[in-house]
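Novice: Give me a model of this one.
(2 chains)
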Amino acid sequence: MLNKLEDIRKQRRITQEDLADALKVSRQTIGSLESGRYNPSITLAFKIAHYFKMSVEDIFIYEEDSDDDKK
Amino acid sequence: MMIKNKKWVFLLIAVIGAASFYVGGFIVINENLKAISGMCIGLGSALFCLGIGNFVIALTVSKVDRSNFEQRKNIEVNDERNIRIREKVGAKTNQVIFYMLCLIVLFMGFMQINIIAILMVSSVFIIELILTISLTNYYSKRM
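Specialist: Sure, this is the predicted structure:
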């Protein structure tokens, strides 16, 4: 699954620390999400979408043939 | 107020630990009570270190720092990525330990160690099987 989290965060001039504090997750989680190493739970995806006042689909892009679950 | 109370609880734990150590080391010195003496020394040392360590932390760390630290700790503990990492690590560790246990039982057989000891170690496989079945059943009903 791809995401535009880093672009959106930078556009809004928010640091990873601030975003992590707002979402009550660790900064490493934000880093992993942005680099695509980690896919969020549906709850966290919605929290992120709510935080940026966007829809989940605007931030996360599902790829049909990705192998994410096997990571 | 709560932190102040805790501070004295930690000090009390340290005092109990020191007293237990003293009793184990200098009062209960009878050869027949060696096990109790050793237990008192061990328990006393552990309680003393725990109490003193927490007492010093309670004295030196301010209430604000403590609250920030608690908040950060809660975030780290409840962070979903950390939870997933812990689960994966637990599962992989369990796999490795299982194979190591198989090897140990095999070597114990080759070394002709007492059958009771081999059976005791082997019983872990049965416990693992029972746990796997019951936990799978438990979580299947809740997820």
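Novice: immediately after the longest helix seen in chain B, which helix or strand?
Specialist: Criterion DSSP state H: the longest helix present in chain B is helix B:80-110. Where DSSP states H and E defines the elements, the next helix or strand beyond helix B:80-110 is helix B:115-142.
Novice: so what's the residue nearest the centre of chain B up against?
Specialist: In chain B, the C-alpha nearest the mean C-alpha coordinate belongs to residue B:46, at 12.4 Å (CA atoms, centre = their mean). Residue B:46 sits next to residue B:17 when contact means CB atoms under 8 Å, 6 or more residues apart in numbering or on different chains. C-beta coordinates here come from the backbone N, C-alpha and C atoms, glycine included.
Novice: which SS class is it?
Specialist: helix (DSSP: H, G, I helix; E, B strand; the rest coil).
Novice: Quick one: name the residues of chain A near chain B.
Specialist: Neighbours of chain B within chain A, by CB under 8 Å from any CB of the partner chain: A:20, A:24-26, A:28-29, A:32, A:38, A:40-41, A:43-44.
Novice: Quick check: the two most widely separated of the residues you listed?
Specialist: The span of these, defined through CB to CB, is set by A:28 and A:43 at 18.1 Å.
Novice: which one of these two has more residues nearby?
Specialist: residue A:28 (16 against 9; other CB atoms under 10 Å in any protein chain shown).
Novice: Would you agree that one is in contact with residue B:85?
Specialist: No. The pair residue A:28 and residue B:85 fails to qualify as a contact (CB atoms under 8 Å) at a distance of 9.8 Å.
Novice: and the closest residue to residue B:78 other than its chain neighbours, backbone torsions?
Specialist: Leaving aside its chain neighbours, residue B:78 sits nearest to residue A:24 (7.5 Å; criterion: CB to CB, 6 or more residues apart in numbering or on different chains). As for residue A:24, its main-chain torsions (degrees, to the nearest 10) stand at phi 60, psi 50.
Novice: Residue 18: which element?
Specialist: Picked chain A for this. Counting by DSSP H and E, residue A:18 is part of helix A:16-23.
Novice: think we crossed wires, I meant chain B
Specialist: Counting by DSSP H and E, residue B:18 is part of helix B:2-22.
Novice: Show me what counts as buried in the longest helix of chain B.
Specialist: Neighbour-count burial for helix B:80-110 flags B:80-82, B:105, B:108 (criterion: 16 or more other CB atoms under 10 Å in any protein chain shown).
Novice: Average pLDDT for the helix holding residue B:18, rounded please.
Specialist: Average pLDDT, helix B:2-22: 85.
Novice: what separates that helix from the chain centre, distance-wise?
Specialist: In terms of CA atoms, centre = their mean, to the nearest Å, the centre of helix B:2-22 is found 20 Å from the chain centre.
Novice: Quick check: buried residues in that helix?
Specialist: Those would be B:7, B:10-11, B:13-14, B:17-18, B:20-21, for helix B:2-22 by 16+ other CB under 10 Å.
Novice: who touches stretch A:30-39?
Specialist: Stretch A:30-39 is contacted from outside by A:1-3, A:5-6, A:9, A:16, A:19-20, A:23, A:29, A:40, A:48, A:68, A:71, B:81, using CB under 8 Å, 6+ apart.
Novice: Go again with 6 Å.
Specialist: A:1, A:5-6, A:16, A:19-20, A:40, A:68, B:81 (CB atoms under 6 Å, 6 or more residues apart in numbering or on different chains).
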